[in-house]
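In: generate coordinates for the sequence data below:
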Amino acid sequence: MAALQASSLLVSSSSSSSSGCSSKRTITASIQFLKPSKLRLVGDPSTVITKKLLEDLSNRNGYAFTETLQMDVNRTDRRLELRLSPTSSIEMTKKLYAILEAVKDRVEMHDNIGAQRDNWNKLLLKSVNMMTLTATTMAAVAAATPAPSLRVCSALLFTATTGMSLIMSKIQPSQLAEEQRNASRLFKQLRSQIESMLALQSPTEADVKEMTEKVLALDRAYPLPLLGAMLEKFPAKFEPAAWWPRVSNNSDQSREGKTFANSERNGWSRDLEVEMRAIVQVLKNKDKQDYLRLGNLALKLNKMLAVSSPLLTSIAAAGSAFGGSAATTVAAIAGAMAAIINSFEHGGQVGMVVEMYRNCAGFFDLMEETMEATLEERDYSKRENGEMFEMKVAMKLGRSLSELRDLARKSMASCIEGTEVDEFGSKLF
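Out: Residues are numbered from 1 along each chain as shown. Here you go, the predicted structure:
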């Protein structure tokens, strides 16, 4: 009987010890399972639940791991906080917002000054034409009836008209107004880029530097003041407008000296690269060359008109001053021709046409430089996504993706056959 009781006690003690060990193993397993799986989800509500659950288990079973758990959670919270809102990122965001405010201010300035200079063109054109026609009428009357007072008034009006015509020919108000319109449009594009950058990503120091360079490049391309900083209206050679920061030679050399082995092509393929190179050739040989040709013609015409109008009014002033029937007749004819030329030059806004061609040639120059720089980048991760880049090029040229690919095939076929592409790259202008 005593042996039976001893054996039963032994069995019960062994079963209780085995159950205790099994329960301990179960708790330990649950702890090892919960700790690595839940502690990585920082910012998730389940972290708090897991923490409370482990605290209850530790209080109930006497395991002291709450302090270690708290330290891990706090450490992970700190890492998350540093990753999401580092001090440097906040500073870069503040700088980018400051640049955004400056860009918005420039948009307003260029809009206001552009409207003002457009009013200059209209008011000066009307004033000069009215003075020229009045002086011409006086000269014609003085030729029929000798009246010294009419000749003197006509000579004074023609002299004043000559001075005003010289000023208008020098500053070209219609071209100035077009410059401000282009600057306002480009600053609005830059404003949209900065706003998208602030909304979609955390800005870096490189982004701030890039936006600053773009703002300064636009300021140089389209200056606001007239004296000293005004763009040359009659250059010796017609060149496209450049409103973007040029890539330095050092960066080009450093990029060419490196090779990158990247398995991810970021949406690029061999066919897409060949397609983009074919599009570049079309833009370079067709669109850009055509606008350079038209711009040269418009510039030569504007030079001829800018010289002719003041020259004719000065001849009319001299004829009215010297007197005589023949001289006043010449003055009347010269005055009438000056009014016609002045109306054609400034009323037709030939200077605005020159600036429009200059801006269009610059647009194709920018597209060519951007596409070539993208294709020369060997690290695909630093390129813009290939499909997105193709869509942007198609949108800028006013084409669908299928039309863009058809144009690329025509360009490649023309290179093989030695013929010229029968259409321009852009359908917008």
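In: pLDDT weak spots in the stretch 1-150 of the chain?
Out: 1-88 (pLDDT under 70).
In: apply 50 and report the result again.
Out: Scanning the stretch 1-150 of the chain for pLDDT under 50 picks out the ranges 1-50, 53-54, 57-58, 60-85.
In: try the stretch 201-350 of the chain
Out: 249-263.
In: which helix or strand contains Met161?
Out: If you look again at residue 161, you'll see it is Thr, not Met. helix 148-171 (DSSP states H and E).
In: any idea how far Ser165 lies from Met304?
Out: As judged by CB to CB, to the nearest Å, Ser165 and Met304 stand 14 Å apart. The C-beta positions use only the backbone N, C-alpha and C, and glycine is treated the same way.
In: and the helices in the stretch 151-300 of the chain?
Out: 173-200, 205-221, 249-256, 270-282, 289-322 (DSSP state H, counting those that start in this stretch).
In: how about Ala332, secondary structure?
Out: On the three-state scheme (DSSP: H, G, I helix; E, B strand; the rest coil), Ala332 is labelled helix.
In: pull the number of nearby residues for it.
Out: Neighbours of Ala332 under the rule other CB atoms under 10 Å: 23.
In: one more: Met230?
Out: Neighbours of Met230 under the rule other CB under 10 Å: 15.
In: again with Ser411
Out: 23.
In: how about Gly228?
Out: Gly228: 6 neighbours (other CB under 10 Å).
In: can you tell me how far it sits from Glu239?
Out: From Gly228 across to Glu239, the span is 20 Å (CB to CB).
In: repeat that for Arg399.
Out: 27 Å.
In: of these two, which one has the most company?
Out: Set side by side, Arg399 and Glu239 show more neighbours around Arg399, with 19 against 13, by other CB under 10 Å.
In: does that one sit in a helix or strand, and which one?
Out: Arg399 belongs to no helix or strand, assigned by DSSP H and E.
In: nearest residue to it in space, please, no chain neighbours.
Out: Closest residue in space to Arg399, ignoring its immediate chain neighbours: Lys427 at 5.9 Å, by CB to CB, 6 or more residues apart in numbering.
In: isn't the one you found right next to Lys396, touching?
Out: No. Under the criterion of CB atoms under 8 Å, Lys427 makes no contact with Lys396, lying 10.5 Å away.
In: between these two, who's got more neighbours?
Out: Using other CB under 10 Å as the criterion, Lys427 and Lys396 rank with Lys396 on top: 16 against 12.
In: what about the more buried one, distance to Ser202?
Out: 28 Å.
In: quick one: neighbours of Glu275, just the number.
Out: 20.
In: distance check, it against Leu404.
Out: 8 Å.
In: which SS class is the residue nearest to Arg399?
Out: Lys427 ends up coil, using three-state DSSP.
In: which residues sit in contact with it?
Out: 397-399 (CB atoms under 8 Å, 6 or more residues apart in numbering).
In: please consider this matter closed, and thank you.
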